[in-house]
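> The following block contains a protein sequence and its predicted model.
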Amino acid sequence: MNTLFRARTARRRFLLVALATILLLSGCASTIAVYDAKAYENATSLKVETLALMDSAGDVYAQHTEAVTDLRTKLKKAEEYARGLDKNTVAVSMWETLTSDGGMLDRFFKEWQQGPITPPAYLDDKKEQVSKAFDKLIELESRKQKSAGSR
């Protein structure tokens, strides 16, 4: 009888530990936003658009003022969209790294305003930094758990 009691107690402990583990893991999974196709599309399309505009940084900035303004607006819209998603502080922080005053792209555009960015190797280095920042954001967005309603 004592052995039977210990076996039942051990089984109950196992079930309690298993239940606690499941609850803990499900709680961890819900600390980040679920996959959002628009957020992913924003990151991928704006990466391409940003790098394409950066290719023009060997030109005089004034020739591209309208394009820079348009891109900055699109970047801020994407950041605001990310900010509106529940449990999305990591992605918002990544957007801020790119778009905030004094952020990566702000510094780049201010430098460009001072004159064309040369030599090409320096521009390539700047583009690589921006590309890597977007890649981290894209990776985050693509790894988010897809809900039943997302594609």
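It's in.
> domain assignment for this protein?
The record's domain split for the chain, according to automatic domain parsing, is 1-31, 37-143.
> Go through the ones you listed and pick out the most buried.
Comparing those by mean neighbour count (mean count of other CB atoms under 10 Å), domain 37-143 comes out on top with a mean of 15. Glycine gets a C-beta too; all of them are placed from N, C-alpha and C.
> what's the average pLDDT for stretch 57-77?
The predicted model assigns stretch 57-77 a mean pLDDT of 98.
> Let me see the residues that make contact with it.
Judged by CB atoms under 8 Å, 6 or more residues apart in numbering, the contacts made with stretch 57-77 from elsewhere in the structure are 42, 46, 49-50, 53, 56, 95, 98-99, 105, 108-109, 112-113, 115-118, 120, 123, 126.
> sorry, back to before: which of the domains of the chain comes out lowest on mean pLDDT?
The stretch with the lowest average pLDDT out of the domains of the chain is domain 1-31, scoring a mean of 56.
> For the protein, just list every one of the helices.
Assignment of helices within the chain using DSSP state H yields the ranges 2-29, 37-54, 65-83, 89-99, 104-113, 120-143.
> Just want the angle from the fifth one to helix 37-54.
In terms of direction (axes from the mean of the first three to the mean of the last three CA atoms, to 10 degrees), helix 104-113 departs from helix 37-54 by 20 degrees.
> For helix 104-113, name the packing helices and strands.
Of the remaining helices and strands, those touching helix 104-113 by 3 or more CB pairs under 8 Å, 6 or more residues apart in numbering; DSSP states H and E are helix 65-83, helix 89-99, helix 120-143.
> Nearest to residue 36, out of these?
Minimum separation from residue 36 across the helices and strands packed on helix 104-113 (CB to CB) falls at helix 120-143, 7.4 Å.
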